[in-house]
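Student: with the input below, show me the fold.
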Amino acid sequence: MTSTPTPPGRTLRLHVEIAGSVRQVTVKSVSVDSSQVRVSWDDTSYVVDAVPRAGGFSLTMPGGSWASREVTCHTVAPGEVMLGLDGLHVRARVGDGRRAQQAGAAAAEGEHVVAAPMPGRVVRVSVEPGDAVTRGQGLAAVEAMKMENELASPVDGVVSEVRVAVDDTVEAGAALVVVCAAESTQGDHD
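Tutor: As a prediction, the model looks like this:
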């Protein structure tokens, strides 16, 4: 069974956003008969062997200094995934860039639920209802397996709900904080 993540010769360009930082990532198959792909962003490029596993991929760098790493990848919402590596879980937005501006504008409207990336214990709640927040600002932190995961606001806005308190135990996907996006004032005139 060949497990090539992208068709041979095809380059996949993705816009990946993690904690407010956006990178264009390219993924290109190395050959027709291999599961190896070249993954590149900024000035960084790696050839990795990406073999699908239940819930994610096993990534290995042939001839590299990395040992085999199990990376889990679960879809948590359309265009959003939860990535896991060595007990650390990170939420990422992934898109192909064709509709990035439209999707970004649409995603910025309305309520945004910030959810627990994994089961754990709430160790910090940094906001209260009514607080104004900026995109990327820390809202709460969840600890699991002695790893602390800071959860950030996905948009500029106002906190409408805080559904947890410090020391609460939460399941993966549990809503922690709800942020209402700030309405754009571009084009508004007095």
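
Student: pop the domain breakdown of this protein in here.
Tutor: Here the domain parsing of the chain from automatic domain parsing is 11-95, 108-181.

Student: reformat those domains as a markdown table; add mean pLDDT.
Tutor: Output for these, formatted as a markdown table (pLDDT from 0 to 100):
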| stretch | mean pLDDT |
| --- | --- |
| domain 11-95 | 76 |
| domain 108-181 | 88 |
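
Student: just those domains: most buried one?
Tutor: Of all those, domain 108-181 has the most neighbours on average by mean count of other C-beta atoms under 10 Å, namely a mean of 17. In short, each C-beta sits where N, CA and C put it, glycine included.

Student: next one: it to chain centre, how far?
Tutor: Its chain's C-alpha centre and that of domain 108-181 lie 14 Å apart, by C-alpha atoms, centre = their mean, to the nearest Å.

Student: parallel or antiparallel, list what pairs with the helix or strand residue 27 falls within.
Tutor: Here residue 27, judged by DSSP states H and E, is contained in strand 21-29. Strand 21-29 sits in its sheet next to strand 11-18 (antiparallel), strand 36-41 (antiparallel), going by DSSP bridges.

Student: and the spatially closest residue to residue 117 that is not a sequence neighbour, how close does it get to residue 143?
Tutor: Once flanking residues are discounted, residue 117 sits nearest to residue 89: 4.0 Å by C-beta to C-beta, 6 or more residues apart in numbering. From residue 89 across to residue 143, the span is 12 Å (C-beta to C-beta, to the nearest Å).

Student: common neighbours of those two, please.
Tutor: residue 149 (C-beta atoms under 8 Å, 6 or more residues apart in numbering).

Student: helix/strand/coil for the residue nearest to residue 84 when sequence neighbours are not counted?
Tutor: What sits nearest to residue 84 in space, not counting adjacent residues and going by C-beta to C-beta, 6+ apart, is residue 72, at 3.9 Å. Recorded secondary structure, residue 72: strand (DSSP: H, G, I helix; E, B strand; the rest coil).

Student: ok, now which ones touch residue 141?
Tutor: By C-beta under 8 Å, 6+ apart, the contact list for residue 141 reads 122, 123, 124, 126, 148, 149, 150, 151.

Student: in its sheet, what does whichever strand or helix holds residue 149 sit against?
Tutor: Using DSSP H and E, residue 149 maps to strand 147-152. As defined by DSSP bridges, the strand partners of strand 147-152 come to strand 138-144 (antiparallel).

Student: format the CA atom coordinates belonging to the partner strand as PDB.
Tutor: The C-alpha trace of strand 138-144 is given here as PDB (Å, rounded to 0.1, in the frame of the first residue of the first chain):
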ATOM      1  CA  GLY A 138      -4.100  34.200  26.500                       C
ATOM      2  CA  LEU A 139      -7.500  33.400  27.900                       C
ATOM      3  CA  ALA A 140      -7.000  30.200  29.900                       C
ATOM      4  CA  ALA A 141      -4.600  27.400  30.400                       C
ATOM      5  CA  VAL A 142      -5.200  23.600  30.700                       C
ATOM      6  CA  GLU A 143      -2.700  21.200  32.100                       C
ATOM      7  CA  ALA A 144      -2.500  17.600  31.000                       C
END
